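> Quick one: sequence plus predicted model below, questions after.
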Amino acid sequence: MTATASPRLHLLIAGAGVLGRLAAWALARAGHRVSVFDPAPGPQARSDGRGPAGFTAAGMLSPLAELDHAEAAIALAGWEGLALWDGVAARLAARGEDGAPLVRRHGSLLLAHGPDAGAAERVLARVRAAPQLHATLPAPQALSRPELAALEPDLLPGLRAWHLPGEGQLLPADTLEALAAEAPGVAWHWGHTVTQVTPGELHTTHGGAPQVHRADWVLDLRGLGARQAASAQPRTVDAPFTETLRGVRGEVVTLHAPGVVLRRPVRLMHARHRVYIVPRPGERIVIGASEVESEDRSPVSLRSAVELMAAAHSVLPGLAEARILHLETNLRPALPDNGPRCTVEHDDQGHCLLRLNGLYRHGWLLSPALLRDALAQAGLHHDLQPTHA
């Protein structure tokens, strides 16, 4: 739909995580009247593991490395998401610490010690076995020892290494706060817990008082929060959509590592974990595990912290004197097949409800492309465009 043909609608969004803030920003820029409802006290970053999982993420945008467990469609959508994040970042005025760009694309590295090289080879074999990937994604490049040293001199020599061109990273907290701050005219309703969503209608509680809000469209983008209110929903064909959501635990460690140089995100194929190591402004490095099948929100355990940091130290020896700044856990929303799902419902009065959920550990990677496709399916005009558009 073109900008001149698309109607300007009143839209209610449940959830202010990555999907909710990105949708509010893109829809408001297209001229729609947007209101967002979220139980958080405000838009600021939270480090207690109770806020949006996007705040806890390392922000690694690596569709090829995700082929360790995901299907080719995830990698393709993630590759499209990279270009869309470029477009979003180009439209946002905000920058990270020390003026760092919100999105950087200098490629990423896939690493393995000799005994674990088979896991990396499995990822590469999946790339070679998917013809649709060859036409779209750049091929991984095996690196010799001198080539690895030239790209990342602080990494341990002798590692098996592959360069994944075009991949990158973003700054999660800065991006989330910028999307909220720069969404034109959006009404943010903080402290509102959504209890029910139906086409054109959204129920919340605020300060203990129930409220009902009505509009042309409702977008349910709450992630795991959608399951928490599932029992309050009318029984519909989509009830299993919310009832089968589960939380997948993510754990991250943030280090202050003066003098340690890492220019690109790294995915290490470790015997116990798929460990990512991501540079951040301010001489910080974030280490995390891709997934833990648990809904435990308790703090990071000693074993997890030791294993994650030992794995990172095994490839980046300079981390020996790094200082631990922060340890955090959070839960990502997943469906039984670990794939995302989108549905659109209509009522007899022409009101609509769009649900998008189950982004699993791919929240930042998949959000732009999935949201773009969902809004197109719904016929909602938006401003999600790659930089070359």
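That came through fine. Numbers count the residues shown, from 1 in each chain.
> where do the helices sit along the chain?
18-29, 53-56, 72-91, 117-128, 131-134, 145-151, 172-181, 225-228, 239-243, 302-315, 363-378 (DSSP state H).
> what's the least confident helix or strand in this structure, going by average pLDDT?
helix 239-243 (a mean of 61; mean pLDDT, DSSP states H and E).
> what sits against the residue nearest in space to the middle of the chain?
Geometric centre of the chain, nearest residue: residue 364, 2.0 Å, by Cα atoms, centre = their mean. Residue 364 sits next to 18, 54, 57, 59-61, 170, 172 when contact means Cβ atoms under 8 Å, 6 or more residues apart in numbering. (Glycine included, C-beta is placed from N, CA and C.)
> Then residue 44?
residue 177.
> make it 10 Å
The contact partners of residue 44, by Cβ atoms under 10 Å, 6 or more residues apart in numbering, come to 51, 55, 173, 176-177, 180.
> picking that back up, what's the spacing between the residue nearest to the centre of the chain and residue 55?
11 Å (Cβ to Cβ, to the nearest Å).
> what does residue 162 give?
Residue 162 is 30 Å from residue 55, by Cβ to Cβ.
> related to what we said a few turns ago, which one of the contacts of residue 364 is nearest to residue 332?
The closest of those to residue 332 turns out to be residue 57 (Cβ to Cβ; 8.4 Å).
> can you tell me which residues contact the closest residue to residue 335 other than its chain neighbours?
Using Cβ to Cβ, 6 or more residues apart in numbering and skipping the chain neighbours, the partner closest in space to residue 335 is residue 358 (3.8 Å). Residue 358 makes contacts with 223-224, 226, 241, 244-246, 332-342, 366, 370, as judged by Cβ under 10 Å, 6+ apart.
> same thing but at 7 Å, please
By Cβ atoms under 7 Å, 6 or more residues apart in numbering, residue 358 lies in contact with 245, 333-335, 339-341.
> With respect to residue 76, which of the contacts of residue 364 is nearest?
residue 61 (13.7 Å).
> what about the spatially closest residue to residue 21 that is not a sequence neighbour, how many neighbours?
Closest residue to residue 21 apart from its sequence neighbours, by Cβ to Cβ, 6+ apart: residue 179 at 4.0 Å. Using other Cβ atoms under 10 Å, the number of residues around residue 179 comes to 24.
> in this structure, what spans have low per-residue confidence?
1-6, 228-242, 271, 290, 388-389 (pLDDT under 70).
> Could you rerun that using 50?
The model of the chain has pLDDT under 50 over residues 1-5, 230-238, 240, 389.
> Excluding chain neighbours, give the residue nearest to residue 184 in space.
residue 28 (5.1 Å).
> wait, what's in contact with the one you found?
34, 183-186.
> close enough to count as contact, residue 116 and residue 268?
No. Judged on Cβ atoms under 7 Å, residue 116 makes no contact with residue 268 at a distance of 8.2 Å.
> Count the neighbours of the closest residue to residue 149 other than its chain neighbours for me.
Nearest non-adjacent residue to residue 149, counting by Cβ to Cβ, 6+ apart: residue 157, 6.5 Å away. When neighbours are defined as other Cβ under 10 Å, residue 157 has 10 of them.
> What distance do you get for residue 157 to residue 13?
With Cβ to Cβ as the criterion, residue 157 and residue 13 are 49 Å apart.
> Ok, residue 64 next?
Applying Cβ to Cβ to residue 64 and residue 13 gives a distance of 31 Å.
> Comparing these two, which residue is more hemmed in?
Just comparing residue 64 and residue 13: by other Cβ under 10 Å the higher neighbour count belongs to residue 13, 29 against 26.
> Please name the bridge partners of that one.
residue 36, residue 219 (DSSP bridges).
> what sits against it?
20, 23-24, 34, 36, 219, 221.
> From those residues, pick the one nearest residue 252.
Using Cβ to Cβ, the contacts of residue 13 come closest to residue 252 at residue 20, 21.5 Å.
> nearest residue to that closest one other than its sequence neighbours?
Leaving out its chain neighbours, residue 20 is closest to residue 221 (Cβ to Cβ, 6+ apart), at 4.4 Å.
> Also residue 159?
residue 111 (5.2 Å).
> so that neighbour bridges to which residues?
Assessed by DSSP bridges, residue 111 has beta-bridge partners residue 161, residue 268.
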